[in-house]
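**Student:** Next one to model:
(3 chains)
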Amino acid sequence: MTARQPSTPATDAALAVEVRNASLIYNPQEAPVHALSDIDLAIRPGEFVSLIGPSGCGKTTLLRVIADLEHITSGSVLVNGVSPHDARLARAYGYVFQAPALFPWRTVLGNVRLPLQIQGRSADESHRIAMEQLARVGLTGFEGKYPWQLSGGMQQRVSIARALSFEPRILMMDEPFGALDEITRDRLNEQLQQLWQRERRTVVFVTHSIAEAVYLSSRIVVMSPRPGRIVRVIDSPLPDARTLDMRDSPEFVAVAHAVREALADGHHD
Amino acid sequence: MSTAGPAASPRSEPRRQRSFLLIVGPLVLGALFLMAPMANGQQPVGTTFWVATLALAALAVAGIRRMAGFEGRPLYATLTAALFGVWVVYFWQLLTVALAVPQVLLPAPWLIVLSLVENLSRLGNDFTQTVVKAVIIGWVLGSGLGFLVAVAIDRMPFLQRGLLPIASLTSTIPLVGVAPIAVMWFGFDWPSKAAVVVLMTFFPMLVSTLAGLQASNRLERELMHSYAASYGRTLWSLRLPAALPFMIGALKVNATLALIGAIVAEFFGSPTSGLGFRISTEATKMNMTLVWAAVVVAAVTGSVAYALLVALERRVAFWHPSVRGKK
Amino acid sequence: MATTTSLPAPPLGQRLVQQGLPVLVVLGAIVLLWYGLTVWLNAAGAIERVLPSDSPWTWQDLVAATMDMQRPVMPAPHQVATDLYTSLTGNPLDSPRNLLFHVAVTAQSTLVGFVMGTVLGLVLSVCIVHSRTLDRALLPWIVASQSVPVLAIAPIVLVILGSMGLAGVAPKAVIAMYLCFFPVTVAMVQGLRSPQVIETEMMHTYAASRWQALWMLRLPAALPFLFPALRVGIAAGLVGAMVAELPTGAQAGLGARLLTGSYYGQTVQIWSALVMSALLGLVLTAIMAGIETLALRHRRQA
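**Tutor:** Presented below is the predicted three-dimensional model:
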């Protein structure tokens, strides 16, 4: 289903994600739904890219296409220079879902070790790495707990620790903080920002919160529905190191305003 | 829901003393009454007897109601049920002895206990024949086969769509009816009863395992997909653990089915031992105390088996909301 | 995830094929297996008793012989079908030679017992939900009885009722009754308690009496719990009625037919009775399912 077009090696090999002219049409015979329509997007390594837009704009679909959870009907998608399928088999990315998706019969530690065990790491190694990851998201001391004993925010942190455990170069997150209250959300946004600061992984982040997108990203991709397409790509002029009170600064407000305008444009099309 | 009067917490001292009196007092009175000449069957019963019995019954009910009103610890609820049970057995004993009810109709509990003790070795043999051999072997084989077939057809949706409706329908038909055929094929001894049990336990386990294997959420399966985990890996790490609560539920149902199946299969004919055999033959001989004793053995077996499986469930499926006590 | 639209349901014909075809294939495989087993299990007996011992015979003779034996270890499907057909069509309906007569006997006891057990269960469950005493004292025993082989008491019940002079339908109905009673009670208690706190509090703000709350909230909420229990109950009642027919000297009813068949070695008779009892079970359950669909037809899936 993925139509591969020959790519120029020199420049593309450096791109983390390259989407060219990709379309996804559901139910083409009877009532076609253009979930994605002629999407062009290039993401360089180390970027934090947010996909933002109203429901049905295709942001989640695009993320799932990159993650090999869905397939396009035309165009091409390359992740680290190979097809999404190969990238998935090569364990090139970690995926964080909207819900924590933790296994209730495993402890917190057991859950973080899951991908490591699947990849065949030794018990000692997976234990050590999992403990490090939990420390990174600030959950040391909770290894022995079960998921239902933790709050929603803590469960999502475990989910992030799990996604990072095998050190993927790319992190894909689908509205990971959507189900949390604002205060927890702010704290997790801050932690994610600091994590990105330290490690500079490529992050593709789906959200429908303008503030979140502007706070976290180096680039914001605004999408709109029917058909799902990119309206505008906004490069953020904000410095890389960010704090929560930056959200009141005029630069921040300006970027948010630009995003809001783009969303409105997409809406009126 | 009605409450048994004002909030009955046994915290205030005089109220606590009165509750204790109301609950324990009648029990003591009842025990004494049993030994009274007018109640132990030596004389025909008169109005005094009935007046005393009704008064005792009223006190018993009051005591149970008081106990039912206690809040605070789950122990109180269990004790209420236990108290009720004690009173039922008590009045059973009192009335059968005092009214000289013929044993054929309803033997007194005490006589049943005596019969149990007298026939301990015989009932022990029956137990071995029925439970240890037919029930346990049949239950393990039937549930095991159901599980294996479910896993085998996990990747064959066509077979699942064909087998599942048929398997669900078997719960509506009287499968014990195959007992005579099993006797014809496997003889009179325990293997024919085990065969009936295998047939009865196979289908519930098959249906439940299949349902359990579908139980893992889409999100978790996509997670495993994103890890490029193989089919076997996904089965072992995700789908089988997620299916455990369903499988244990089926094991619990199967335990009861197995016991019923083995006993009823013995009603259709069994050589010389077995709980079902004991019940049906001693009933034809009108030896009711022994029949009741055998029934008690069967009942206790069923309850103990169920309790063991619940304990297993708590250990293995501790994480499932239904086991944790949530809706 | 919101961008995924669901396709419209495939047309009825296609759905029937998709769901019906696998069942038919599996059923067909079962029939084939049955024939195979017939040949295999009857072979020894056929060689001994039917086939000539002095003249040569081919495997076609063997197969044909195994499918037409008088007292087979396993009757062939067509043997059972023929026996059923002749029994049903060749005899008047009130003759004991007609299996429908026996079906009626068993069904009568089952249904009478089922109705009694259901009514008793409904009444008791309402009482339990409205009385904490009953809830704490009695309900645990009813729940515990589900793990106990209650059917084992059947001979006792028969002896007691027999010595009181009750015979015929009554004792069988009593056994069917208490087998239906337990699942119905437990399920109804669960169902009557199923309305959420929000809903019961709303009735409270309307100053609804307990009867009104029962009639307008709890009972309708309990229906989806009741029907599965009714299906379980009627299947259990059928087994109870059949088992009750065993000790009474096996006069009439499907259980009696099974027993007499096994006493006289009439294999085909046993299988016919078994098939009829399976059909009876299916029909009774289908009726329950039909009533359920009718009663719940205005409700959508939660």
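**Student:** Closest residue of the stretch 1-150 of chain A to chain B?
**Tutor:** In the stretch 1-150 of chain A, the residue that lies nearest chain B is A:Pro104 (3.9 Å; Cβ to the nearest Cβ). Backbone N, C-alpha and C define where each C-beta goes, glycine included.
**Student:** residues in contact with that residue?
**Tutor:** Applying Cβ atoms under 8 Å, 6 or more residues apart in numbering or on different chains to A:Pro104 gives the contacts A:Tyr146, A:Pro147, A:Trp148, B:Trp319, B:His320.
**Student:** which among these gets closest to chain C?
**Tutor:** For those, the nearest to chain C is B:His320 (17.9 Å; Cβ to the nearest Cβ).
**Student:** Distance of the closest one relative to B:Ile248?
**Tutor:** Distance, B:His320 to B:Ile248, using Cβ to Cβ, to the nearest Å: 9 Å.
**Student:** Then C:Val283?
**Tutor:** 33 Å.
**Student:** between the two, which one's more packed in?
**Tutor:** B:Ile248 (22 against 13; other Cβ atoms under 10 Å in any protein chain shown).
**Student:** per-residue confidence at the more buried one?
**Tutor:** At B:Ile248, the pLDDT value in this model is 94.
**Student:** For it, which non-adjacent residue is closest in space?
**Tutor:** B:Glu313 (4.7 Å; Cβ to Cβ, 6 or more residues apart in numbering or on different chains).
**Student:** Please identify the helix or strand for the one you found.
**Tutor:** Assigned by DSSP states H and E, B:Glu313 belongs to helix B:288-316.
**Student:** So which elements touch that helix?
**Tutor:** helix B:109-118, helix B:120-127, helix B:240-267, helix B:275-284, helix C:154-163 (3 or more Cβ pairs under 8 Å, 6 or more residues apart in numbering or on different chains; DSSP states H and E).
**Student:** Convert the C-alpha atoms of the helix or strand just after it to CSV, please.
**Tutor:** Using DSSP H and E, the helix or strand that directly follows helix B:288-316 along the chain is helix B:321-324. Extracted in CSV, the C-alpha atoms of helix B:321-324 (Å, rounded to 0.1, in the frame of the first residue of the first chain):
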residue,chain,number,x,y,z
PRO,B,321,-11.6,-4.7,38.5
SER,B,322,-14.2,-7.3,39.3
VAL,B,323,-11.8,-9.1,41.7
ARG,B,324,-10.6,-5.8,43.2
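**Student:** distance between helix B:321-324 and the chain's centre?
**Tutor:** Relative to the chain's own centre, helix B:321-324 is displaced by 21 Å; criterion: Cα atoms, centre = their mean, to the nearest Å.
**Student:** Repeat that for stretch B:249-256.
**Tutor:** On Cα atoms, centre = their mean, the centre of stretch B:249-256 falls 11 Å from that of its chain.
**Student:** swap in stretch B:93-113?
**Tutor:** That offset, for stretch B:93-113, works out to 25 Å (Cα atoms, centre = their mean).
**Student:** Sort out which residues of that stretch are buried, please.
**Tutor:** Neighbour-count burial for stretch B:93-113 flags B:Gln93, B:Leu94, B:Thr96, B:Val97, B:Ala98, B:Gln103, B:Leu106, B:Pro107, B:Ala108, B:Pro109, B:Leu111, B:Ile112 (criterion: 16 or more other Cβ atoms under 10 Å in any protein chain shown).
**Student:** Now do the end-to-end distance for it.
**Tutor:** End-to-end distance for stretch B:93-113: 12 Å, by Cα to Cα, to the nearest Å.
**Student:** average model confidence for that stretch?
**Tutor:** Per-residue scores along stretch B:93-113 average to 86.
**Student:** Show me what that stretch is in contact with.
**Tutor:** B:30, B:33-34, B:38-41, B:45, B:49, B:53, B:89, B:92, B:115, B:286, B:288-289, B:292-293, B:296, C:159-160, C:163-164.
**Student:** Just the buried residues out of these, in PyMOL syntax.
**Tutor:** Only the buried entries of those go into this PyMOL selection, using 16+ other Cβ under 10 Å:
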select buried, (chain B and resi 30+33+38+39+49+53+92+115+288+289+292+293+296) or (chain C and resi 159+160)
